[in-house]
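Participant: I would like the atomic coordinates for the input below:
(2 chains)
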Amino acid sequence: MELLIQFAYVVSAALFVMGLKQLGSPATARRGNMISSLGMLIAVVVALLDQGIVEYQWIMIGFAVGAIIGASAARLVEMTAMPEMVALFNGFGGMASLLVGWAALDASAGSFTLITIVLSILIGGLTFTGSMVAYGKLSEFVGSGAVVFKGQQIVNSLIVLGILYSATMFVQQPMNPQWLYLVIGLALVFGVMAVIPIGGADMPVVISLLNSYSGLAACAAGFAINNNILIVAGSLVGASGIILTRIMCKAMNRSLANVLFSGFGSVKDDTTTVEGEVKPISVEDAYYVLEAASTVAVIPGYGMAVAQAQHVVKELQLLLEKNGCEVVYGIHPVAGRMPGHMNVLLAEADVSYDLLLEMDDINPRMENVDVAIVIGANDVVNPAARENEGSPIYGMPVINVDQARTVFVLKRSMASGFAGIENPLFYKDNTRMLFGDAKESIGGLTREFE
Amino acid sequence: MIPAEVFLTFILMLSIFLGFELISKVPATLHTPLMSGSNAISGITLVGAVSLAGTGHQDMANWLGAGAVALASINVVGGYLVTDRMLAMFKKKGG
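Facilitator: Residues are numbered from 1 along each chain as shown, chains lettered A, B, ... in the order given. The predicted model follows:
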């Protein structure tokens, strides 16, 4: 029986790997997700056959509660709120690993097991509170800016030392609960401290990193209870999170350490000077320009998500295409609040995914674009990143909309975006500002077409 | 016989490399579903939680296990469903 269970875990590990492989293309991704869920089903059913289990009551209650919450959240969540949901789920995963590590503790545990228990509690705990803070920031229950205070590094170093000390003591005296509680408490506090100094626009990095932690926590729990499948699945998730984190950091031209410790939101030494003046444009005039355009590139940002403008954007795309115009979308890797956020929103609005171009694909085409429409994006189209060495975002790869013949920037007002970085784009000769709510502005444009 | 610690670490090492190979092939357009899908996979902790929650003793491990079962099933059920919901929306024109 034990042998059968172990072989079933091999099968489900294979299914996870196949599932992730099929995620390599949008055409097969949905099937990949099903294959992966089949792997999960097998693993769970087999785990229920474990002879150690004599009572199913608590398992079933736990499962029913979790399944109902999970299923309703999955059905009800708005696509714009995906980052919040992923943050929340990361946190639950971390907490589950913490609890498993804790429950795995018994008097007979050797020191290797004890170390893995501590790791599972630590990573799980900090993933939990870190994700909760990230969730709070994303859903704006708490301020989304960076919280930095004097002596923060010192406080954090003390917490880390405290964690190391109590973890060491715990491994030496596993049956003395005070060390265990101290480790749990410090891990929870550390999660909060680690995420508060990270500002709103850095959220894609944090979410990816926490995603990776939730996998690593599962991995550590796997070591603690001597279970292969937890290790395999956990490390696949851990690797996935790390890769996404790396992509996000690269897209912002910053090191991970810089994102984690610097409190970017507090940067004030912006030396960008702007020349020229802002030229507003009316919806009607914008329509005349668009009507004459033969190539249009849409560059969405978080503002599109806030204004829920993805559906009207799609309408505008159809009208433009009917007018003989080619429409493509340029997606910056850190546009939005999580990796791929814009792609999901546009997919929701039924935009074909082959029209969504990555930054490196759209930039060479930019010179041939008649009109670039920037919807609620700011830093990711800021030419200062290319031109001005004094800009805080200098060196960050951006979408070069300023090279298009005309640029429309849809923006609520001239208030500067995140971190108060000046955007010279708004003052360029070929830029026109279309002020107002993005959804209404584009709605106005579509009405002009009809 | 390989000691369990070594054996498990071996598996860890291989799966991390495999994970890097697999995930680096996922296109940027699918990164959100990738995150929610991998989130569901990290709910694998459920497997560990199940064995700890069903010991039948009304002790700490049992309660902690039951809590872990609930949290991990939110991840598994919610994660897979929402990923499927998203992926169903990714369409190619005319397809």
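Participant: give the contact list for the closest residue to B:Ile16 other than its chain neighbours.
Facilitator: Residue nearest to B:Ile16 in three dimensions, not counting chain neighbours: A:Ser235, with 4.7 Å by CB to CB, 6 or more residues apart in numbering or on different chains. Any C-beta I mention is one placed from the backbone N, CA and C, and that applies to glycine too. Residues counted as contacts of A:Ser235 (CB atoms under 8 Å, 6 or more residues apart in numbering or on different chains) are A:215-216, A:219, B:12, B:15-16, B:19.
Participant: now A:Ser235: which helix or strand?
Facilitator: helix A:228-251 (DSSP states H and E).
Participant: just checking, next helix/strand downstream of that helix?
Facilitator: From helix A:228-251, the next helix or strand downstream (DSSP H and E) is helix A:256-261.
Participant: which strands and helices sit next to the following helix or strand past that next one?
Facilitator: Where DSSP H and E defines the elements, the next helix or strand beyond helix A:256-261 is helix A:283-292. Other helices and strands packing on helix A:283-292, by 3 or more CB pairs under 8 Å, 6 or more residues apart in numbering or on different chains; DSSP states H and E, are strand A:406-411, strand A:431-435, helix A:438-449.
Participant: so what does B:Met89 have for phi and psi?
Facilitator: phi -90, psi -20 (degrees, to the nearest 10).
Participant: contacts only, for it.
Facilitator: For B:Met89, the contact set (CB under 8 Å, 6+ apart) comprises A:344, A:347-348, A:350.
Participant: which ones among those are found in helices?
Facilitator: A:344, A:347-348 (DSSP state H).
Participant: possible to save the residues you listed as JSON lines with distance to chain B?
Facilitator: Converted to JSON lines, the ones in helices among the contacts of B:Met89 look like this (distance: CB to the nearest CB, whole Å):
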{"residue": "A:Val344", "distance to chain B": "5"}
{"residue": "A:Ala347", "distance to chain B": "4"}
{"residue": "A:Glu348", "distance to chain B": "5"}
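Participant: if we can go back for a sec, can you tell me which of the contacts of A:Ser235 lies closest to B:Leu71?
Facilitator: Using CB to CB, A:Gly215 comes nearest to B:Leu71 of the contacts of A:Ser235, at 15.1 Å.
Participant: report how many residues lie close to that closest one.
Facilitator: By the criterion of other CB atoms under 10 Å in any protein chain shown, A:Gly215 has 33 neighbours.
Participant: now the closest residue to chain B within the stretch 151-300 of chain A. Nearest residue, chain neighbours left out?
Facilitator: Using CB to the nearest CB, the closest approach of the stretch 151-300 of chain A to chain B is made by A:Ala239 at 2.8 Å. Take A:Ala239 and drop its neighbours on the chain: the residue closest to it by CB to CB, 6+ apart is B:Gly19, 2.8 Å away.
Participant: give the next helix or strand downstream of the helix or strand containing A:Ile59.
Facilitator: Here A:Ile59 sits within helix A:57-76, counting by DSSP H and E. Remark: after helix A:57-76, the chain's next helix or strand is helix A:82-103, criterion DSSP H and E.
Participant: near chain B, anything from that next one?
Facilitator: Yes. Contact of helix A:82-103 with chain B (CB under 8 Å from any CB of the partner chain) involves A:82, A:85-86, A:89-90, A:92-93, A:95-97, A:99-100, A:102-103.
Participant: for that helix, what does the pLDDT average out to?
Facilitator: On average, the pLDDT along helix A:82-103 is 94.
Participant: and stretch A:198-216, by the same measure?
Facilitator: Averaging pLDDT along stretch A:198-216 gives 88.
Participant: quick one, longest helix in chain B?
Facilitator: Max-length helix for chain B by DSSP H is helix B:4-23.
Participant: got a quick ChimeraX command for the buried subset of the ones in helices among the contacts of B:Met89?
Facilitator: Buried residues among the ones in helices among the contacts of B:Met89 (16 or more other CB atoms under 10 Å in any protein chain shown), as a ChimeraX selection:
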select /A:344,347,348
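Participant: okay, the ones in helices among the contacts of B:Met89 in TSV with pLDDT and distance to A:Gly444 next?
Facilitator: Below are the ones in helices among the contacts of B:Met89 laid out as TSV (pLDDT from 0 to 100; distance: CB to CB, whole Å):
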residue	pLDDT	distance to A:Gly444
A:Val344	94	26
A:Ala347	94	25
A:Glu348	93	22
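Participant: could you show which parts of the stretch 51-200 of chain A are in contact with chain B?
Facilitator: So far as CB under 8 Å from any CB goes, the stretch 51-200 of chain A lies against chain B at A:52-56, A:58-59, A:61-63, A:65-67, A:69-71, A:73-75, A:77, A:79, A:82, A:85-86, A:89-90, A:92-93, A:95-97, A:99-100, A:102-106, A:112.
Participant: show the buried residues in the residues you listed.
Facilitator: A:53, A:58-59, A:62-63, A:65-67, A:69-71, A:73-74, A:77, A:79, A:82, A:85-86, A:89-90, A:92-93, A:95-97, A:99-100, A:102-105, A:112.
Participant: mind checking what secondary structure A:Gly336 has?
Facilitator: Following DSSP: H, G, I helix; E, B strand; the rest coil, A:Gly336 is assigned to coil.
Participant: what segments of chain B are helices?
Facilitator: Along chain B, counting by DSSP H, helices occupy B:4-23, B:31-42, B:45-53, B:60-73, B:79-87.
Participant: what's the burial count for the closest residue to A:Val46 other than its chain neighbours?
Facilitator: Ranked by CB to CB, 6+ apart and with sequence neighbours excluded, the top spatial neighbour of A:Val46 is A:Ala8, at 4.1 Å. By other CB under 10 Å, 17 other residues sit near A:Ala8.
Participant: helix, strand or coil for A:Ala8?
Facilitator: helix.
Participant: now it: how far from A:Ala109?
Facilitator: Distance, A:Ala8 to A:Ala109, by CB to CB, to the nearest Å: 26 Å.
Participant: quick one: low-confidence residue ranges for chain B.
Facilitator: In the predicted model of chain B, residues B:58, B:93-95 satisfy pLDDT under 70.
Participant: if I pick the spatially most central residue of it, what's in contact with it?
Facilitator: The centroid of chain B falls nearest to B:Ile41 when counting by CA atoms, centre = their mean (1.8 Å). Residues in contact with B:Ile41 (CB under 8 Å, 6+ apart) are A:16, A:36, A:40, A:215, A:233, A:236-237, B:79.
Participant: and with 6 Å instead?
Facilitator: A:16, A:233, A:237 (CB atoms under 6 Å, 6 or more residues apart in numbering or on different chains).
Participant: same question, A:Asp50
Facilitator: Here A:Asp50 is in contact with B:Ser51 (criterion: CB under 6 Å, 6+ apart).
Participant: which residue ranges of the stretch 351-450 of chain A form helices?
Facilitator: In chain order, the stretch 351-450 of chain A shows helices spanning A:359-362, A:384-387, A:438-449, with DSSP state H, counting those that start in this stretch as the criterion.
Participant: thanks a lot, catch you later.
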